[in-house]
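Engineer: coordinates only, no sequence provided:
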Ligand code: SF4
């Protein structure tokens, strides 16, 4: 049985060990998502999963042994790597090495909806993981609201006791019109119920919001409905994932058929601002921890940082169009990230050259930034 790794993890889990317990997505219908397109969902067997954990443990123990004798470390590491290649375990070797070097603090359970697994089976895996690596501090997973809403409070809490520390839910929006349009398979009430259930346990909750998903028609409604749901949930984290219309997604087909209207960077900042303005009575931390978000400075904890986050968005919206274009190209080309970068002559000259070389204008900037952003997904 080969060691397996799924295709994604949240950026906040970059240093985590990835343990794949299911393959792909049991829903696989969201129109904006092409990640698991054409791939069938399956639950991996306990034997397969335990074997992957054992493989990682074997490598980790070997690294720990090497550390005891630094004089031979390099040659022993090379021998271990060659052995891994010979046994077709190279991927596991690199995963274990990166995890070991990063301090082995966290584990991310893959793929898209691990909680769909039978609770007792999931708890067995969590226990095996914790027994194998007693010093891990955090075990996290993606899950769908629809699935969580059907799990009993007792089962959820027993997952927490077994060591599941954080759940990432792709809420995307809590606007029912948009949820239906994108075929998310869940409504606002279910999003709220699922979020509140997680909050009743000792599991941390991370909810994702996707500006742009409602197109032009539903931008404000999507922002306001989502804020209303988040106010009722008070998740530990709100994470922003700006919409990217992937050319292989059904949403792209909708766009081409003029069923879906696309917004651009400027409209998505306005939408995010509408959402943040309406967030009240919560203590969540908002994170812009993805390269596709235009303004990484929109981060902070409510209520303390709300005005500062709004000020960042207002700064961008108040810029003349030419300067918005400059910042957009600067950010998308990796030259600019912060407001202060717009005062940096060297960066400005670099971005201006990109604009000149590519003949970017106010008329074609949306196509250009779309193309640039595709590189990140
Ligand atoms: S639930 Fe998540 S992984 Fe599955 S189709 Fe929707 S967005 Fe994609």
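Structural biologist: Looks like it arrived, so ask away. The model shown is predicted, which means the values in this text are computed figures rather than measured ones.

Engineer: now the lowest-mean-pLDDT helix or strand in the chain, how far from the chain's geometric center?
Structural biologist: Sorting the helices and strands of the chain by mean pLDDT, DSSP states H and E puts helix 73-86 at the bottom, at a mean of 81. For helix 73-86, the separation from the chain centroid amounts to 33 Å (computed by C-alpha atoms, centre = their mean, to the nearest Å).

Engineer: how much space between the closest residue to the ligand within the stretch 101-250 of the chain and residue 359?
Structural biologist: Among the residues of the stretch 101-250 of the chain, residue 112 lies closest to the ligand, at 3.7 Å counting by C-beta to the nearest ligand atom. (C-beta placed from N, C-alpha, C; glycine too.) According to C-beta to C-beta, to the nearest Å, residue 112 stands 40 Å off from residue 359.

Engineer: if we can go back for a sec, now do the buried residues in the very next helix or strand once past the least confident helix or strand of the chain.
Structural biologist: Where DSSP states H and E defines the elements, the next helix or strand beyond helix 73-86 is helix 90-101. By 16 or more other C-beta atoms under 10 Å, the buried positions in helix 90-101 come out as 92, 93, 95, 96, 97, 99, 100.

Engineer: return the member of those nearest to the ligand.
Structural biologist: Within those, the smallest distance to the ligand is 21.5 Å, found for residue 95 (C-beta to the nearest ligand atom).

Engineer: which residues touch that closest one?
Structural biologist: Counting by C-beta atoms under 8 Å, 6 or more residues apart in numbering, residue 95 touches 3, 5, 17, 18, 56.

Engineer: repeat that with 7 Å
Structural biologist: 5, 17, 18, 56 (C-beta atoms under 7 Å, 6 or more residues apart in numbering).

Engineer: now the buried members of those.
Structural biologist: Buried subset of the contacts of residue 95 (neighbour count, 16+ other C-beta under 10 Å): 5, 17, 18, 56.

Engineer: follow-up on the earlier one: okay, the buried residues of helix 90-101 in TSV with pLDDT and distance to residue 165 next?
Structural biologist: TSV is the format used below for the buried residues of helix 90-101 (pLDDT from 0 to 100; distance: C-beta to C-beta, whole Å):
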residue	pLDDT	distance to residue 165
92	94	24
93	93	27
95	94	20
96	95	21
97	94	24
99	96	17
100	95	20
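
Engineer: with distance to residue 153 as added columns, please give those in CSV.
Structural biologist: Below are the buried residues of helix 90-101 laid out as CSV (distance: C-beta to C-beta, whole Å):
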residue, distance to residue 153
92, 36
93, 41
95, 34
96, 36
97, 40
99, 32
100, 37
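
Engineer: what's the most distant pair in these?
Structural biologist: Across the buried residues of helix 90-101, the longest distance by C-beta to C-beta is 12.0 Å; it joins 92 and 100.
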